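Peer 1: Quick one: sequence and predicted model below, then my questions.
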Amino acid sequence: MAIRRRSLIQAAGAASALGIAPFAFTLARAQSLEKKDVHIAVGGKALTYYLPLSIAERLGYFKEEGLDVTISDFAGGSRALQAVVGGSADVVSGAFEHTISLQSKGQMYRAFALQGRAPMIGVGVSAKAMPDYKTPADLKGKKIGVTAPGSSTNMVVNFLLSKYGLKASDVAIIGVGAGAGAVTALRSGQIDAISNTDPVVSMLEHNQDIRIISDTRKVKETVALFGGNMPAGCLYAPQKFIDANPNTVQALANAIVRADKWIQKNGATGVAKTVPESYLLGDQAVYLAAVGKSLDGFSPDGRFPADGAATATKALSAYSPDVKADKIDLAKLWTNTFVDKANAKYANA
């Protein structure tokens with residue numbers, strides 16, 4: 001103990017000699033990362049829905065915060081969630097509504113950095129399979145492709161159906177992934193309609209393979225559909241992880257906030273130059289259009305809207321019998337504590 005105390009005193013003295021106040025040295029030690037190696041699970045990394053995560057990784061923001069982040073990609077958000085629940089990952093880059101369904105099962109997870117202030121999900125019907133489509137009620141008995149059953153793309157479909165008097169069991173939900181496979185599934189007739197994010201939706205839209213019937217890439221249309229602000233892609237983790245690793249969580253929030261701000265500043269052109277070529281799915285022009293259409297849906301600062309948790313809970317309870325809105329503690333679903341600090345730190349980013 002004496003040796004450790006002596007070492008601290010010597011280090012503090014060295015800090016003073018360099019012109020660093022002793023309290024600053026102490027603060028730096030206090031804010032050291034509890035966990036440097038962090039494993040993030042995501043369902044469809046190349047989707048624009050998760051773009052801030054990729055930007056933070058590509059631009060080295062995680063590393064600059066002292067983190068060594070590993071990102072594992074899954075076929076959908078529900079599977080990414082399973083990785084954290086099962087203990088093979090620490091944090092999810094996924095849909096906000098998962099925090100609600102988890103709390104309804106007695107599992108406390110909290111979102112701490114927002115990536116999307118709108119779901120950025122487009123629902124479209126096949127021009128070939130449903131040429132006479134009129135309203136969502138026409139989806140009854142149809143096969144609808146989603147990234148993965150239980151994911152946010154599935155949630156949007158279910159909510160849309162409920163608004164037109166249909167139940168989830170009135171359609172067949174089929175997991176088609178989040179890339180070229182989803183495009184092929186629609187074009188080959190394996191599915192009659194699709195709920196997905198960009199660039200998949202824009203590719204199908206560009207070639208007139210689908211007719212968009214619900215578009216939550218815009219905040220205005222999202223509010224019209226859900227009746228309020230609907231937080232979407234975010235970083236969330238078990239409350240126990242957040243409590244045990246506040247400095248690590250702060251570092252993650254810092255990186256995402258920087259990425260959010262960078263996207264707003266650099267736009268679709270900057271994004272296309274930064275992401276891996278594989279994200280473009282072979283057509284840069286379509287990808288540029290896709291990001292452009294989704295720009296309004298990206299969070300500009302990582303902050304959760306005050307009414308977001310209530311809107312999401314109301315939407316989820318509308319079709320999920322397991323979620324009782326009056327039983328959900330909204331305040332425990334999210335926090336702006338970390339992103340507020342991140343915005344103060346990177347005010348001029």
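Peer 2: That came through fine. Numbers count the residues shown, from 1 in each chain.
Peer 1: Neighbours of residue 32, how many?
Peer 2: For residue 32, the neighbour count with other Cβ atoms under 10 Å is 10. The way it works is simple: take the backbone N, C-alpha and C, and place the C-beta from them, glycine included.
Peer 1: gap between the nearest residue to residue 287 once chain neighbours are set aside and residue 286?
Peer 2: Leaving aside its sequence neighbours, residue 287 sits nearest to residue 280 (Cβ to Cβ, 6 or more residues apart in numbering; 4.4 Å). Going from residue 280 to residue 286 by Cβ to Cβ, to the nearest Å gives 8 Å.
Peer 1: shared neighbours, these two?
Peer 2: residue 199 (Cβ atoms under 8 Å, 6 or more residues apart in numbering).
Peer 1: so residue 187 makes contact with residue 203?
Peer 2: No: using Cβ atoms under 8 Å, residue 187 makes no contact with residue 203, being 9.9 Å away.
Peer 1: which one of the two has more residues nearby?
Peer 2: residue 203 (24 against 16).
Peer 1: element containing residue 70?
Peer 2: Under the criterion of DSSP states H and E, residue 70 resides in strand 68-74.
Peer 1: what helices or strands is that strand leaning on?
Peer 2: With contacts defined as 3 or more Cβ pairs under 8 Å, 6 or more residues apart in numbering; DSSP states H and E, strand 68-74 has these neighbours: strand 37-43, helix 51-58, helix 61-64, helix 77-85.
Peer 1: Flag every buried residue along the longest one.
Peer 2: In terms of neighbour count (16 or more other Cβ atoms under 10 Å), helix 77-85 has its buried residues at 77-85.
Peer 1: Neighbouring strands - and their directions - for the helix or strand just after that helix?
Peer 2: Counting by DSSP H and E, the next helix or strand C-terminal to helix 77-85 is strand 91-95. Using DSSP bridges, strand 91-95 pairs in its sheet with strand 37-43 (parallel), strand 233-238 (antiparallel).
Peer 1: could you give me the average pLDDT of the shortest one?
Peer 2: Per-residue pLDDT values over strand 233-238 give a mean of 98.
Peer 1: distance between that strand and the chain's centre?
Peer 2: 7 Å (Cα atoms, centre = their mean, to the nearest Å).
Peer 1: again, but for the longest one
Peer 2: Strand 37-43 sits 12 Å away from the centroid of its parent chain (Cα atoms, centre = their mean).
Peer 1: do stretch 260-278 as well
Peer 2: The chain centroid and the centroid of stretch 260-278 are separated by 16 Å, computed with Cα atoms, centre = their mean.
Peer 1: How about residues contacting it?
Peer 2: Residues contacting stretch 260-278 (Cβ under 8 Å, 6+ apart): 46, 51-52, 54-55, 58-59, 114-115, 280, 284, 287-289, 291-292, 295, 298-302, 346, 349.
Peer 1: do you know how far residue 206 is from residue 289?
Peer 2: 7 Å.
Peer 1: Between the two, point out the one with more neighbours.
Peer 2: Taking neighbours as other Cβ under 10 Å, residue 206 and residue 289 compare with residue 289 leading, 18 against 15.
Peer 1: Verify the stated contact: that one with residue 203.
Peer 2: No: counting by Cβ under 8 Å, residue 203 is not a contact partner of residue 289; they are 9.5 Å apart.
Peer 1: Comparing the helices and strands packed on strand 68-74 by mean pLDDT, which bottoms out?
Peer 2: helix 77-85 (a mean of 91).
Peer 1: Mind giving me the packing neighbours of that helix?
Peer 2: Helix 77-85 sits against strand 37-43, strand 68-74, strand 91-95, helix 97-104, with contacts defined as 3+ Cβ pairs under 8 Å, 6+ apart.
Peer 1: Just the ones of the contacts of stretch 260-278 in strands?
Peer 2: residue 114 (DSSP state E).
Peer 1: that older thread, can you give the strand pairings for the strand holding residue 70, parallel or anti for each?
Peer 2: strand 37-43 (parallel).
Peer 1: quick one: buried residues of the partner strand?
Peer 2: Buried residues in strand 37-43 (16+ other Cβ under 10 Å): 38-43.
Peer 1: got the contact list for stretch 182-195?
Peer 2: 121-126, 128-130, 139, 142-147, 153-154, 156-157, 174, 176, 196, 200-201, 203-204, 209-210, 281.
Peer 1: Buried among these? Need that as a selection in PyMOL.
Peer 2: In PyMOL syntax, the buried subset of the contacts of stretch 182-195 is picked out as below (16+ other Cβ under 10 Å):
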select buried, resi 121+122+123+124+125+126+129+130+139+142+143+144+145+146+147+153+154+156+157+174+176+196+200+201+203+204+209+210+281
